[in-house]
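A.B. asks: Sharing a sequence plus its predicted fold:
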Amino acid sequence: MDGPSGSGKSSSARGVATRLGLRYLDTGAMFRAVTWWMLERGVDVEDPRAVAALAEEPVLVSGTDPQAPTITVDGTDVAGPIREQAVTGAVSAVSTVPEVRTRLLREQRSIIGDGDIVVEGRDIGTVVAPDADVKLYLTADPAARAARRTAELSGADVAATEQDLVRRDAIDSGRATAPLRMADGALHLDTTPFTLDEVVDQIVALVQQARATTGG
Ligand SMILES: Nc1ncnc2c1ncn2[C@@H]1O[C@H](COP(=O)(O)OP(=O)(O)OP(=O)(O)O)[C@@H](O)[C@H]1O
Ligand SMILES: Nc1ccn([C@H]2C[C@H](O)[C@@H](COP(=O)(O)O)O2)c(=O)n1
């Protein structure tokens, strides 16, 4: 499941995985965890060579229970800190560094290799798992995405949130390695008019349809 920030990937992926008894992987959390580690060490995250030199250093562990996903770096639980503004502001820059992507791609494929999983990010259908049984590309209008995000963060400003989303969209879609794109064979779901429950229902129906077709 791919799509821009705030399109509903994490919530929908967790809902679908829970309903279907599958595991769940938030690949954005992995990029955020590496970014958090770089910031903690005072690495200049705008310097791709500095980031690349340390890309293999942090030890990440991702828990894949959709009802209680976890992420640790060097044994520290970073589930909270990786959602803070400092990380959100820096993560797109760190994600453009090929050495970071190569390292995380290896770990994502290793986790996916155990099967039965819903994975969400920006390049899952295009790069990480192009042979996935079902590929989805979620979108929503920027205003709806900003309103959703603002509702999560008390005191956040809708216009500033929308501006930040659009800025990250541009970096994620414009980077040379694994840019955000709809994968070949992916189904596009615009979540703007739907509630989260409606989106989960639609995706579960698509998965069941695909399973019926392939006998999987
Ligand atoms: N269809 C929906 N209708 C209303 N709110 C939604 C819907 N889908 C998700 N949300 C809410 O929008 C917010 C953002 O959703 P979510 O974190 O799932 O997006 P995302 O695409 O994973 O974003 P990111 O890539 O930044 O992690 C959450 O508060 C979530 O509860
Ligand atoms: N497969 C992925 C997942 C995430 N990223 C980058 C780009 C995002 O701006 C950032 C944070 O993701 P989020 O937590 O907002 O989903 O991580 C990526 O490049 N590839």
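C.D. replies: All right, it came through fine. Since the structure is predicted, the reported quantities are computational estimates derived from the model, not experimental observations. Ligands and ions are numbered 1, 2, ... in the order given.
A.B. asks: Can you mark which positions in stretch 90-105 are buried?
C.D. replies: 90-97, 100-101, 103-105 (16 or more other Cβ atoms under 10 Å). Heads up, the C-betas are built off the backbone N, CA and C, glycines and all.
A.B. asks: quick one, what contacts T191?
C.D. replies: Counting by Cβ atoms under 8 Å, 6 or more residues apart in numbering, T191 touches 7-8, 12, 138-140, 144, 199.
A.B. asks: for ligand 1, what are the nearby residues on the chain?
C.D. replies: Residues of the chain that fall close to ligand 1, judged by Cβ under 6 Å from any ligand atom: 3, 5-11, 28, 148-149, 152, 191, 194-196, 199.
A.B. asks: switch the cut-off to 5 Å
C.D. replies: Proximity of the chain to ligand 1, by Cβ under 5 Å from any ligand atom, involves residues 5-11, 28, 148, 152, 191, 194, 196, 199.
A.B. asks: residue ranges with poor pLDDT in the chain?
C.D. replies: 216 (pLDDT under 70).
A.B. asks: any chance you could map the helices in it?
C.D. replies: Along the chain, the segments classed as helices by DSSP state H run 9-20, 27-40, 48-53, 85-95, 98-112, 142-152, 158-174, 196-214.
A.B. asks: Quickly note the distance from E99 to ligand 1.
C.D. replies: To ligand 1, E99 is 22 Å away according to Cβ to the nearest ligand atom, to the nearest Å.
A.B. asks: just L25 next, same as before
C.D. replies: Remark: distance between L25 and ligand 1 (Cβ to the nearest ligand atom) = 12 Å.
A.B. asks: Who are the contact partners of that residue?
C.D. replies: 62, 64, 108, 111-112, 117-120.
A.B. asks: beta partners of it?
C.D. replies: On the basis of DSSP bridges, L25 is bridged to V119.
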